[in-house]
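Asker: coords below, sequence missing:
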C-alpha cells in the first residue's frame, strides 16, 4: 500500500513538474516579492506598481524576443521568515527572475535561496551593503547603498553646525546599518554624538526616549528605520516640546508619516533617491502612470520599473534566458533606464547612485534642500 | 535639581503607561480568577477598542462635531459597547463550548481567537498605521525654562484620572454590588456557587464584559497618547499587561493594578537610565525574579490544594 502511495505521489510530482516546465517555455515568469500587507505595505505598493507597468509595456512592445513576461506576485510582509517561505514558493513555481525583496532583512535570507537555486534577483529597494558583500553572482540592485546614503545624511547634518546629535535606530539590518554609517560620518567630522540608541520596531511609547533627548539637549536627531516609529517619535516629541530637527533615510519618506505625525512632520529632513519622475526623459512614462491613476513619485516605483527592464534587456543581450548568462550580460554592459545609465560592478552594485536631501512638509510634499 | 526633575519626568512617563497596562491587566486577572484560563484574545479586544474609538472620532469630526468633551464621551461609549460585545461574543463562541475540558483546549481556542481578530481587523481596516487626531494638547511645565523642564501633559493627566475612576468604580462594584459578590463567590468555588443558585454562566459573561470595557477605555486613552493604531497594536500591549497581571499575582485585582504600575515605571526607568534596548529585558527579567521567589506574584494568594 505504502509503495503505491509513493508511486502515485511521484507520478503527480512528475506531471506537475512537466506542466511547470511547459509554462516556462511559453513565457518568462518574473517574481515580484515585497510587502503587500503589514506596516510597510505602502513601499510594496510602489514596487508592485512600477514592476507591473514595466511588464505591461514590455509585453505591449512584443515581449522579450517574442516571449511574454508574466508577473508572479508574492507577499513577504517585510518579515524575514515569510521572505524565505515566499522565496521557496517562487523557486517551486519555476520562476527564474525576481524583482525584490524590499526590506533588507527580507532580501538577505531570500537571496541565499535564489543564489542556490540559480534565480536572478534584482532588489529595487534594499540598501544594506551586506546583501552584495557575499560574492553572490545572481544578486543585483537598482538602488544605492547605506554606505552611500549614510554619509550624505551625515555630511548634511555636519554642515548645519549641530551642537549635539542623537542617533536612534530600530535595531534592524537597514535601520542600524544606516544609523552606524551616519554616526561614523559625523564622528569623522568632529560632531558630538550625545546618544546612539536602539528602539524596538513596533514600540509605541517613546516618552522615555524623548525625555532623555531633552535632558541631553540635542538639536539634531537622526533616525534609522521606517516611518511608523519615526512618525510616533515626531508626534510625541512635539507634544513634549523637544526642539530638534529630525532626519531619516528613504524608509521614512512617504506620505503615511503625515497621517501619523500630522503637523510634526513639517521640516523633517529625508535622504531619498532623486525624483526620477521629474526628469525630462521620463515624462512619457510618468504620463503612463498617471493614465492608470497611479503615482510614480514614490522612491521605489521607477527603481522597480528599471529592475524589470534590466531583466528584459539582460535576456535580450545574452540571447538566452539562463540566469547565469543574463547576470554576465548585466555586468558586461551598460543600460539606459529611467533611473539613468546603469552599470554594475562585480558585486552587483550600481557603480554610481545619488542620494538627495529633501525637506518634508506636513501636506506630504517635499522640496530639495540643496 | 536637574537630576530630580529628570527622575520625576521618567516617573510620570512610567506611571502613565503603567496605569494603562493596569487597565488591560484587569481583564486577564479577572478571567483567570474566575475560570482559571488565560484569555489571549484580550489584547485584540483592546486593539478593537482603539480602532472603534478612532472610527467614532473621525466620523464625528466629519459630521462637524467640534465640542471636545462630547467627542470623547461618544468615542468612549462606542468603544466600550463594541469591545464589550466582542468580549462577550468571544466567550460564547470560543470558550464556553470548551469550558471544563483539559486546560490546554481553551488556551488554544484563545490563541486562535486572537489570530482571527487580528486578521479580521487587517482585512477590515488595512494593515497600515492610522494616525489618531491629537485632541488633547498642552500641559504643565515645572522647572527653569532655560534648562530641563519636567512636563506633565493634559493627556497624561486624563489617563491618570480615568484610570483612577475606573479602578475605584471596579473596586466598589466588586465589593458592594450583587453581581460583584457573585463574582467573588464564583472565583472562590465555581461548582459550589452553581449549587447555591448563582447563574455562573451569567457571571462569567459579566466578567468578560467588564474586562473588555476596561480594555476599550485603555484602547481609547493609549491610542490618543501614542498617536497611531495598527492591527498589531494589541499584541505587545497584551503581552505587557499579561506580565503585569502575573507580576501582581494573577487572579488578584489590586495585584493587577500594582503590577501594571511597577512594569510601567521599570520600563521607563530602564530606558531613561540605561538604554531603551534593555527595556523589555528588564521588565521580563523582573517577572522571572518575582516568579522565582514568590511564584504567586506580589499580591497573589498561595493556592491551597483542595482535597
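Answerer: That came through fine. Note that this is a predicted model, so its numbers are computed, not measured.

Asker: Which SSE is immediately downstream of the strand or helix carrying residue B:267?
Answerer: Using DSSP states H and E, residue B:267 sits in helix B:253-269. Counting by DSSP H and E, the next helix or strand C-terminal to helix B:253-269 is helix B:279-293.

Asker: for chain A, what are the nearby residues on the stretch 51-200 of chain B?
Answerer: Counting by C-beta under 8 Å from any C-beta of the partner chain, the positions of the stretch 51-200 of chain B adjacent to chain A are B:122, B:127-131, B:133-134, B:137, B:139, B:141, B:148-149, B:151, B:153, B:155. To be clear about C-beta, it is placed using only N, CA and C from the backbone, and glycine gets the same treatment.

Asker: Need the buried ones from those residues selected in PyMOL.
Answerer: Per 16 or more other C-beta atoms under 10 Å in any protein chain shown, the buried members of these correspond to this PyMOL selection:
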select buried, chain B and resi 127+128+129+130+131+134+148+149+151+153+155
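
Asker: of the residues of the stretch 51-200 of chain B next to chain A, closest to residue A:164?
Answerer: Using C-beta to C-beta, the shortest approach to residue A:164 within those belongs to residue B:148, at 13.6 Å.

Asker: Which positions in chain A make contact with chain B?
Answerer: Neighbours of chain B within chain A, by C-beta under 8 Å from any C-beta: A:37-39, A:41-42, A:171, A:197-200, A:202-205, A:207-209, A:211-212, A:214-215, A:217, A:227-228, A:231-232, A:235-236, A:239-241, A:256, A:259-262.

Asker: just the buried members of those residues?
Answerer: A:37-39, A:41-42, A:171, A:197-199, A:203-205, A:207-209, A:211-212, A:214-215, A:227-228, A:231-232, A:235-236, A:239-240, A:256, A:259-262.

Asker: Please, where are all the helices along chain B?
Answerer: In chain B, the helices defined using DSSP state H lie at B:2-35, B:42-63, B:68-90, B:104-125, B:154-176, B:178-188, B:190-195, B:200-226, B:233-248, B:253-269, B:279-293.

Asker: Mean pLDDT and distance to residue A:339 for the ones you listed - can I get that in CSV?
Answerer: As requested, the helices of chain B are arranged in CSV below (pLDDT from 0 to 100; distance: least, C-beta to C-beta, whole Å):
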stretch, mean pLDDT, distance to residue A:339
helix B:2-35, 92, 44
helix B:42-63, 94, 38
helix B:68-90, 95, 46
helix B:104-125, 92, 33
helix B:154-176, 93, 44
helix B:178-188, 91, 65
helix B:190-195, 90, 67
helix B:200-226, 94, 37
helix B:233-248, 91, 37
helix B:253-269, 92, 44
helix B:279-293, 88, 40
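
Asker: Quick check: residue A:89 touching residue A:73?
Answerer: No. Counting by C-beta atoms under 8 Å, residue A:73 is not a contact partner of residue A:89; they are 11.2 Å apart.

Asker: So between those two, which is more surrounded?
Answerer: Per other C-beta atoms under 10 Å in any protein chain shown, whichever of residue A:89 and residue A:73 has more neighbours is residue A:73, with 19 against 14.

Asker: Give the full set of residues in contact with the closest residue to the more buried one other than its chain neighbours.
Answerer: Nearest in space to residue A:73, with sequence neighbours left out and distances taken as C-beta to C-beta, 6 or more residues apart in numbering or on different chains, is residue A:32 at 4.8 Å. Residue A:32 makes contact with A:47-48, A:51-52, A:71-74, A:98-100, A:304, according to C-beta atoms under 8 Å, 6 or more residues apart in numbering or on different chains.

Asker: 6 Å - rerun?
Answerer: A:48, A:51, A:71, A:73, A:99 (C-beta atoms under 6 Å, 6 or more residues apart in numbering or on different chains).

Asker: For these, which entry has the maximal number of neighbours?
Answerer: residue A:99 (33 neighbours).

Asker: Which strands or helices does the helix holding residue B:267 pack on?
Answerer: helix B:2-35, helix B:233-248, helix B:279-293 (3 or more C-beta pairs under 6 Å, 6 or more residues apart in numbering or on different chains; DSSP states H and E).

Asker: wait, is residue A:254 part of a helix?
Answerer: No. According to DSSP: H, G, I helix; E, B strand; the rest coil, residue A:254 belongs to no helix; its state is coil.

Asker: Against residue B:28, how distant is the closest residue to it other than its chain neighbours?
Answerer: In space, and not counting its chain neighbours, residue A:254 is closest to residue A:42: 5.4 Å by C-beta to C-beta, 6+ apart. Residue A:42 sits 34 Å away from residue B:28, going by C-beta to C-beta, to the nearest Å.
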